[in-house]
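> Prediction below, plus the sequence it came from.
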Amino acid sequence: MKEEGLVFEEVKYGELPQKIDEFKTVLIFGVGGIGRFYKEFSEKVHNLCSTYPNKLFVIAPTTAMLHEDFLRERYLHDNLIFFARELTTYNFMKWLGLKRVYLDECCALKLRKEDLEEFLEDEEEIWERALFLRGDGEKVDFGQDLQKLFDATVTLDPVREAKSFEEWVRIHQRARTVYTNRLHSALLSLILGKKVFVFRNFYHKLRSVWKHSLKRRGVGWIGV
């Protein structure tokens with residue numbers, strides 16, 4: 001945003017009530033998905049839009065779980081602009097009745113490898129094929145051994161393995177080819193110039209983002 005000449009101040013959610021009078025517009029950034037599974041974020045958005053009807057709130061590109069009643073109760077605000085990062089969410093939020101819904105891409109796709117230079121290491125690639133598999137609430141029981149299926153050198157969940165953002169970046173740097181159902185593992189690996197294949201997580205997010213913006217960038221889809 002700085003490159004576009006925009007002036008902004010970064011504020012944490014808890015600090016916003018004390019500083020809200022300074023802003024005309026608030027960009028809400030950094031959420032990976034909205035829906036019943038991530039209730040807290042949606043409640044915050046609803047509270048902000050309701051409490052400050054004269055302020056404009058903008059949600060940066062994200063994905064919505066298709067939870068009709070939950071989202072309709074929290075996102076139908078006249079002072080809210082919503083950006084989707086794929087067509088499934090875009091079409092769904094428009095169908096719900098949001099007045100200002102726009103389609104973009106994941107913000108991470110604006111990054112280049114040189115933007116991450118300070119976090120990279122000199123170590124060469126040590127894993128021919130890495131399987132980065134979700135181990136959190138979005139994990140999927142595939143009913144088969146994916147490490148064997150992909151002939152992976154290593155299997156791990158980078159989010160659980162890394163103790164810092166720097167370590168998270170370096171885990172991805174060590175792989176030559178990446179198989180993953182973590183969206184941000186796919187995005188980072190793509191930025192780092194890896195060969196990337198993705199497969200499903202427990203809702204439409206990864207498939208939808210792949211169709212909208214990753215497929216044309218050379219990322220492969222595996223149906224498992």
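Okay, I see it. Numbers count the residues shown, from 1 in each chain.

> Can you verify Thr177 is assigned to a helix?
No - under DSSP: H, G, I helix; E, B strand; the rest coil, Thr177 falls outside any helix and is assigned strand.

> Kindly provide the whole-number mean pLDDT of stretch 204-216.
Model confidence over stretch 204-216, given as mean pLDDT, is 97.

> Which strand or helix spans Ala152?
Assigned by DSSP states H and E, Ala152 belongs to neither a helix nor a strand.

> check contacts around it.
Neighbouring residues of Ala152 by C-beta atoms under 8 Å, 6 or more residues apart in numbering: Arg129, Ala130, Leu131, Leu146, Tyr179. The way it works is simple: take the backbone N, C-alpha and C, and place the C-beta from them, glycine included.

> Could you single out the nearest of those to Arg36?
Arg36 lies nearest to Leu146 out of those, by C-beta to C-beta, at 27.4 Å.

> how's the chain carved up into domains?
Residue ranges for the domains of the chain, per automatic domain parsing: 2-104, 113-221.

> for the last one, how far is the first residue from the last?
Spelled out, that is domain 113-221. 23 Å (C-alpha to C-alpha, to the nearest Å).

> Relative to Leu71, how far out is the most centrally placed residue in the chain?
Per C-alpha atoms, centre = their mean, the C-alpha nearest to the average position across the chain is that of Gly32, at 3.9 Å. When distance is defined by C-beta to C-beta, to the nearest Å, Gly32 is 15 Å away from Leu71.

> Any stretches of the chain with poor pLDDT?
1-5 (pLDDT under 70).

> longest helix anywhere in it?
Across the chain, the longest stretch assigned as helix under DSSP state H is helix 39-51.

> Could you give me the buried positions within it?
Residues of helix 39-51 classed as buried: Phe41, Ser42, Val45, His46, Leu48, Cys49 (neighbour count, 16 or more other C-beta atoms under 10 Å).

> Look up how far Val169 lies from the fourth one.
According to C-beta to C-beta, His46 and Val169 sit 34 Å apart.

> Quick check, Gly30 in contact with Pro61.
No - the pair Gly30 / Pro61 is not scored as a contact, 10.8 Å apart, by C-beta atoms under 8 Å.

> Tell me, how many residues neighbour the closest residue to His212 other than its chain neighbours?
Distances taken as C-beta to C-beta, 6 or more residues apart in numbering put Glu86 closest to His212, at 4.0 Å, once the chain neighbours are dropped. Glu86 has 26 neighbours, counted by other C-beta atoms under 10 Å.

> go on, Asp151?
Neighbours around Asp151, by other C-beta under 10 Å: 10.

> Now do the contacts for it.
Arg129.

> cutoff 10 Å now
If you count contacts by C-beta atoms under 10 Å, 6 or more residues apart in numbering, Asp151 has them with Glu128, Arg129, Leu131, Tyr179.
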